[in-house]
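Undergrad: next come a sequence and a model predicted from it.
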Amino acid sequence: MAEEAAAGINVNRLRETQVSPLILEEIKYEESDRFLTGIEEFDRVLGGGIVPGSVVLIGGDPGIGKSTLLLQVAERIGRESKSVLYISGEESPSQIKMRAERLCTTAKGIYILSETSVEEILRHIQKTEYSALIVDSIQTTFTSGISSAPGSVSQVREVAAILMNYAKKSCVPVFIVGHVTKDGSIAGPRVLEHIVDTVLYFEGDRGHPYRILRSVKNRFGSTHEIGVFEMKEGGLEEVLNPSSLFLSERTVGSAGSVVVSSLEGSRPILTEIQALVSPSPFGIPKRGVIGVDYNRLLLLVAVLDKRVGMHIQGQDIFVNVVGGLELSEPASDLGIIAALSSSFKEIPVDPYTVVFGEVGLSGEVRGVTSAEIRVKEAAKLGFRRCIIPERNATQLAADSVDIIGVSTVKSALEIMFS
């Protein structure tokens, strides 16, 4: 008991929530229990809609648009004759009203509560039944049962446990906004991400209007799913075809530019990789990357040097993924190598060519997953040729796109620059 109390666990509250065990096959559940917000990008990241009783944690840099997104979600839920309680510990009701007017929020089912005490919040929601609860943010919310300041590890952990307990007992979905640290992770104890059902990160550069909502944990759907939004004067707007968006300003015929097909969750996205290889004026060459893994770049540069004979180790190398997208899957390896080679040789890659494939240390091109939907996305956007791993090429039937299978990096580069 002493250990449980020291860990900040409310033992009495846990005892109150104990129920009898249920036989798994007798538990009834229907997929229709989910309800949609009408924001397709948001619903897809959640796995197909909001699950009643789920707890969703949304993190992101300050000013990136988390509160704007959730207010728009509340507005869409309110249109369906449902009521939403928006709890803010950082803004007054009048400030939220100003944002709502800017977003042209017209739903009547949105209720605003400016409160930071979780006991007062629970006392209020027990009087009125709501369809969803939004807490902005958990770092400003506290419980009187703990003497530490709001935002501390013990406060954040206990408040999250209380909100989760409420969501599971009432079957009301709860959305929690979490602040992030300098390195981009959600502030507070790591256990916070383990308590909730879904963790979403809202990413983007303030200098660009595009925002990416990324799922990194989801008990009710696939992870690494993304939703793309564009921040405009009237709020966030969905980008239903992000491939055309990321390629909209591409310069045709420019050396060092290659289009790759990346898979984000179940969604293929075509994006542009740019590379710049130039002689280094200093003794130690520089490396700069935006949107790809730094260590992966070093590996691919070594493969080019050793397996292809393209000596670029002593050059300054910079790689950028246009549009602020983060490419984490190895299928972009062949595209990075193509961009580096194009910049080094000063020979542009055919602008109607899409490249993807994983590259091994011996210079081989390995197969990737979901090659068919990647090729279909390229065909839909008007590309004429796809250079892909040979293993994938043998499994696909050529349609409106010329499919070329390659087994090594050297053969791939010969085809691109022939």
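TA: Nice, thanks for sending it over.
Undergrad: give the helix, strand or coil label for the closest residue in space to residue 261 that isn't next to it in sequence.
TA: What sits nearest to residue 261 in space, not counting adjacent residues and going by CB to CB, 6 or more residues apart in numbering, is residue 374, at 3.9 Å. (Each C-beta comes from the backbone N, C-alpha and C, glycine too.) The three-state assignment at residue 374 reads helix, by DSSP: H, G, I helix; E, B strand; the rest coil.
Undergrad: measure residue 374 to residue 262 for me?
TA: For residue 374, the distance to residue 262 equals 8 Å [CB to CB, to the nearest Å].
Undergrad: shared neighbours, those two?
TA: Common contacts of residue 374 and residue 262 (CB atoms under 8 Å, 6 or more residues apart in numbering): 268, 331, 356.
Undergrad: out of those residues, who has the most neighbours?
TA: residue 356 (30 neighbours; other CB atoms under 10 Å).
Undergrad: ok, it touching residue 369?
TA: No. The pair residue 356 / residue 369 is not scored as a contact, 10.7 Å apart, by CB atoms under 8 Å.
Undergrad: identify the contacts common to the two.
TA: Here residue 356 and residue 369 have residue 331 as joint contacts, going by CB under 8 Å, 6+ apart.
Undergrad: out of the shared contacts of residue 374 and residue 262, which is nearest to residue 323?
TA: Closest approach between those and residue 323, by CB to CB: residue 268, at 15.0 Å.
Undergrad: per-residue pLDDT, the closest residue in space to that closest one that isn't next to it in sequence?
TA: Nearest residue to residue 268 in three dimensions, chain neighbours excluded: residue 377, at 4.1 Å (CB to CB, 6+ apart). You'll see residue 377 listed with a pLDDT of 91.
Undergrad: ditto for residue 220
TA: Residue 220 is assigned a predicted lDDT (pLDDT) of 89.
Undergrad: same check, this time on the one 4 residues further on
TA: Per-residue pLDDT puts residue 224 at 76.
Undergrad: what number of residues lie near it?
TA: 17.
Undergrad: which residues does it contact?
TA: Counted by CB under 8 Å, 6+ apart, residue 224 has contacts 214, 215, 216, 264, 265, 328.
Undergrad: show me what contacts residue 407?
TA: 364, 365, 389, 390.
Undergrad: at 7 Å what do you get?
TA: 364, 365, 390 (CB atoms under 7 Å, 6 or more residues apart in numbering).
Undergrad: repeat for residue 343
TA: Counted by CB under 7 Å, 6+ apart, residue 343 has contacts 255, 256, 275, 276, 277.
Undergrad: next: residue 381.
TA: With contacts defined as CB under 7 Å, 6+ apart, the neighbours of residue 381 are 243, 244, 270.
Undergrad: so what's the second one closest to, chain neighbours aside?
TA: If I follow you right, that is residue 244. Here the residue nearest residue 244, using CB to CB, 6+ apart, is residue 381, at 6.4 Å.
Undergrad: could you measure the one you found against residue 375, distance?
TA: 11 Å.
Undergrad: now do residue 290
TA: 27 Å.
Undergrad: just residue 28 next, same as before
TA: 41 Å.
Undergrad: ok, now residue 211?
TA: Distance, residue 211 to residue 375, using CB to CB: 28 Å.
Undergrad: next one: residue 221
TA: 25 Å.
Undergrad: do residue 197 as well
TA: Distance of residue 197 to residue 375, computed by CB to CB: 35 Å.
Undergrad: neighbour count for the two, which is higher?
TA: Applying other CB under 10 Å to residue 197 and residue 375 shows that residue 375 carries more neighbours, namely 26 against 21.
Undergrad: residues in contact with the more buried one?
TA: Neighbour list for residue 375: 386, 396, 401, 403 [criterion: CB under 7 Å, 6+ apart].
Undergrad: contacting residues around the longest strand belonging to the chain?
TA: Counting residues, the longest strand in the chain under DSSP state E turns out to be strand 267-279. With contacts defined as CB under 7 Å, 6+ apart, strand 267-279 is touched by 226, 242-243, 246-247, 250, 256-262, 312, 315-323, 325, 332, 335-336, 339-340, 343-344, 354, 373-374, 377-378, 381.
Undergrad: what does stretch 113-128 give?
TA: Outside stretch 113-128, the residues touching it (CB under 7 Å, 6+ apart) are 85, 87-89, 92-93, 133, 140-144, 150, 159, 162, 166.
Undergrad: 6 Å instead, please
TA: Residues outside stretch 113-128 that contact it (CB atoms under 6 Å, 6 or more residues apart in numbering) are 87, 88, 89, 92, 93, 140, 141, 143, 144, 159, 162.
Undergrad: can you put those residues in CSV and add secondary structure, pLDDT and distance to residue 69?
TA: Conversion of the contacts of stretch 113-128 to CSV gives the following (DSSP: H, G, I helix; E, B strand; the rest coil; pLDDT from 0 to 100; distance: CB to CB, whole Å):
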residue, secondary structure, pLDDT, distance to residue 69
87, strand, 96, 16
88, strand, 94, 14
89, coil, 91, 18
92, coil, 92, 20
93, helix, 92, 19
140, helix, 92, 18
141, coil, 94, 19
143, coil, 94, 27
144, coil, 92, 31
159, helix, 94, 21
162, helix, 94, 24
